[in-house]
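[1] Give me coordinates for this.
(one chain, ligands or ions: 2)
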Amino acid sequence: MDSPKNTLMHERVRFGRTGLMVTRLAFGGIPIQRLSRQEGVRLVADVLDLGINFIDTAHGYGHSEELVGEAMRTVSRGSLVIATKSPAADRKGFLDDLDESLRRLRTDYIDIFQFHGVSSREKMAAVMGPGGAQEGMEEGIRAGKIRFPGFSSHSLPVAAGMIRTGRFDAVQVPFNFVDCQAAEELIPLARRADLGIIAMKPLGGGLLDDARLCFRFLRQYPDLVPDPGIETLPQLREIIDVMESGGPLSAEEIKRIEHYRERLGREWCHRCDYCQPCPRNIPISTVLVAKSFAVRLTVERFTSIVEAPLKAAESCEECRQCVERCPYHLDIPVLLKKQRGIWERYRSTGTWE
Ligand code: SF4
Ligand code: SF4
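    Ligands and ions are numbered 1, 2, ... in the order given. Okay, here's the model as predicted:
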């Protein structure tokens, strides 16, 4: 294919103490699960052809790992940095996921294997405790199946705790111009520990519709590697062009970012789950970010994830215990009702707006 020789695609940045040299953009493997096998493999092959050498996927992203594995066959394995994730908290589940990821990715090693979603103290204790997934991680490293251990998290304090264990070489947290609290303490901590840092959800998990502005913001952090999930090559080319465009944010761009923050801040759920526990067992964050699943997953997968939580949201008794705990002061009972209304409309129209 016609492959423009962008400067950015020739640049490599050191991914923390792993020493791996990666492109300033990674390819995020979530949305390709919506594509057919043929379309998905073609897209990943085109992304590699464009020069991106860093792919981040997960055991739980439908057939994403398989598509990546098939597309990788056309390039030298040593030229790529492959990151994937397991949600398992126990040793055996983790090792089973590792072997399954290796099979799907058609490789005998994973460059960066991550614990997926360590966002609560409970999960961290299970992963790092006796019989936990950390034991599997160490076995995987000894067996040569994993080069570097990492984790992803939606909770900044839990992520900080994981970094402080000293066991990880890579961290992945949400980072975009609305979700940017990590810049205060977490990113400096990760830098001091010399970890590779992946900026998860650079487009707000599909909720920020101005890709240009998102990447103008992110290019201010050259040591963070964003992993946008894209479904077409033109989307990626646009991002590359933005990352290559020079100059700091203009006053007009800063104003637009402030406007987004003002408009979305009262409804933006950061998925930290500090609002839990809910006496009615409502998975609050899943309900509040339902649109993010709608725009990135297949209809079947989206429905399987959000249908039960949205049903559970009907039982909210408006006790407001969650509101007191939410550090962002979201009016959760009101937002749950709003999401229920959107869900009802979605069921009759098929669009989530
Ligand atoms: S509602 Fe608030 S506390 Fe709960 S997950 Fe979202 S941002 Fe965090
Ligand atoms: S207000 Fe509703 S969602 Fe919040 S804790 Fe009470 S029952 Fe749960």
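
[2] need the residues of the stretch 251-353 of the chain near ligand 2, please.
    Residues of the stretch 251-353 of the chain lying close to ligand 2 by CB under 6 Å from any ligand atom are 278-280, 282, 284, 316-322, 332-333. From N, CA and C alone the C-beta is placed, and that goes for glycine too.

[3] Which of these are buried, as a PyMOL select command?
    Buried residues among those (16 or more other CB atoms under 10 Å), as a PyMOL selection:
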select buried, resi 278+282+284+316+322+332+333
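
[4] how much space between Leu20 and ligand 2?
    Going from Leu20 to ligand 2 by CB to the nearest ligand atom, to the nearest Å gives 42 Å.

[5] likewise Pro174?
    From Pro174 to ligand 2 the distance is 22 Å (CB to the nearest ligand atom).

[6] wait, that residue sits on Cys272?
    No: contact between Pro174 and Cys272 fails when scored by CB atoms under 8 Å: they sit 9.7 Å apart.

[7] Please see if the helix or strand Leu335 falls within touches ligand 1.
    Leu335 belongs to helix 332-349 when assigned by DSSP states H and E. Yes: residues of helix 332-349 contacting ligand 1 under CB under 6 Å from any ligand atom: Ile332.

[8] overlap in contacts of Pro174 and Cys272?
    By the contact definition CB atoms under 8 Å, 6 or more residues apart in numbering, Pro174 and Cys272 are jointly contacted by His154.

[9] before we move on, back to that, got the residues of the stretch 251-353 of the chain next to ligand 2 as CSV, with pLDDT columns?
    CSV is the format used below for these (pLDDT from 0 to 100):
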residue, pLDDT
Cys278, 96
Pro279, 96
Arg280, 96
Ile282, 97
Ile284, 97
Cys316, 97
Glu317, 96
Glu318, 97
Cys319, 97
Arg320, 97
Gln321, 96
Cys322, 96
Ile332, 97
Pro333, 97
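
[10] Which single one of the residues of the stretch 251-353 of the chain next to ligand 2 is nearest to Tyr61?
    Ile284 (23.3 Å; CB to CB).

[11] tell me the contacts of that closest one?
    Cys269, Asp273, Cys275, Gln276, Cys278, Cys322, Ile332, Leu336.

[12] And the residues you listed, which is closest to Thr107?
    Looking across these and measuring by CB to CB, the closest to Thr107 is Asp273, at 33.4 Å.

[13] That closest one: what's it in contact with?
    Ser119, Ser120, His154, Ser155, Ile284, Ser285.

[14] For the last one, identify the helix or strand it belongs to.
    When you say that, I think you mean Ser285. Counting by DSSP H and E, Ser285 is part of helix 284-288.
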